[in-house]
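*Asks:* this one's sequence-less:
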């Protein structure tokens with residue numbers, strides 16, 4: 001009998017989330033610690049040891065750029081340089097494996113199963129330590145020639161803002177304003193150092209006018225960035241995910257209003273929606289990607 005089980009594996013900097021699926025249903029899920037010592041050499045063996053048995057395929061969602069040929073172009077949080085983890089995984093486990101960026105995995109899951117269900121073309125934006133994104137067009141995940149399609153976090157909004165130095169080496173990138181760390185940075189500039197993005201958004205929603213101004217600035221930047229992306233890829237809808245988006249309708253409505261201010265007129269009417277799959281999105285997307293064998 002044909003094995004129809006697939007592993008979806010979301011490799012995070014501290015934890016690896018693993019799910020076993022069959023016919024799209026999750027049979028079981030578990031996690032293992034991410035051992036980043038010794039250049040991350042133990043990560044794949046630890047994952048493979050945790051697997052309960054064979055499967056038709058697997059996919060690894062990783063926090064880094066992935067080329068179309070499954071080459072990973074560095075994952076700093078894992079200690080990986082340029083490498084081919086899918087090949088190593090298959091060689092050791094005997095299970096066919098693919099690899100994709102974690103935001104792309106979440107995009108695929110949200111388009112098929114979550115906030116973007118029912119739409120063929122979706123821009124997924126993940127707000128966390130940075131601003132990640134994934135693009136699904138006409139039902140297909142699009143990664144680009146170098147695996148960086150959807151990297152809207154590095155849209156340059158203000159190259160003269162030298163206080164907004166980005167980890168990519170440039171200044172004024174979107175994620176310096178709209179990520180969790182970016183919102184905290186803006187609050188510190190406004191005289192509120194040491195606050196998390198959740199504390200800032202919660203206080204703003206509760207009526208703190210100065211912190212609401214901080215949130216408004218972040219949402220304005222995010223709306224501008226999304227408007228720019230939509231002018232290029234023209235999705236049917238945009239899905240916001242990640243920790244910052246857990247602020248819910250309060251945050252979503254502000255981003256929608258900013259988008260409506262900046263969007264090309266033909267893109268007006270594009271709805272910004274909230275993700276629904278939470279922290280399982282990467283794992284579920286990886287399982288879907290494993291099923292979509294090339």
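*Replies:* Cool, the structure landed. These numbers come from a predicted model, not from an experiment.

*Asks:* chain center to stretch 63-80: distance?
*Replies:* Here stretch 63-80 is found 14 Å from its chain centre; the criterion is C-alpha atoms, centre = their mean, to the nearest Å.

*Asks:* what does the average pLDDT come to for that stretch?
*Replies:* Averaged over stretch 63-80, pLDDT sits at 91.

*Asks:* Please look at residue 4 and residue 27 and confirm they touch.
*Replies:* No: in this structure, residue 4 is not within contact of residue 27 by C-beta atoms under 8 Å, at 10.8 Å. Every residue, glycine included, has its C-beta placed from N, CA and C.

*Asks:* Describe which strands the helix or strand residue 30 falls within pairs with in its sheet and in which direction.
*Replies:* Per DSSP states H and E: residue 30 is located in strand 25-33. Applying DSSP bridges, strand 25-33 is found paired with strand 15-22 (antiparallel).

*Asks:* Burial check on residue 125, number of neighbours?
*Replies:* 30 (other C-beta atoms under 10 Å).

*Asks:* next one: residue 12
*Replies:* Neighbours of residue 12 under the rule other C-beta under 10 Å: 17.

*Asks:* residues touching it, list them.
*Replies:* 34, 63, 77, 102, 282 (C-beta atoms under 8 Å, 6 or more residues apart in numbering).

*Asks:* Kindly recompute the last result at 10 Å.
*Replies:* 31, 34, 61-63, 77-78, 102, 279, 282 (C-beta atoms under 10 Å, 6 or more residues apart in numbering).

*Asks:* any common contacting residues for residue 4 and residue 27?
*Replies:* With C-beta under 10 Å, 6+ apart as the test, residue 4 and residue 27 both reach residue 21.

*Asks:* And stretch 147-159, end to end?
*Replies:* Counting by C-alpha to C-alpha, to the nearest Å, you get 24 Å between the two ends of stretch 147-159.

*Asks:* mean confidence for it?
*Replies:* The average of the pLDDT scores along stretch 147-159 is 92.

*Asks:* what's the answer for stretch 182-191, then?
*Replies:* 96.

*Asks:* Could you give the separation of that stretch from the chain centroid?
*Replies:* 23 Å.

*Asks:* And it, what's buried?
*Replies:* 182-187 (16 or more other C-beta atoms under 10 Å).
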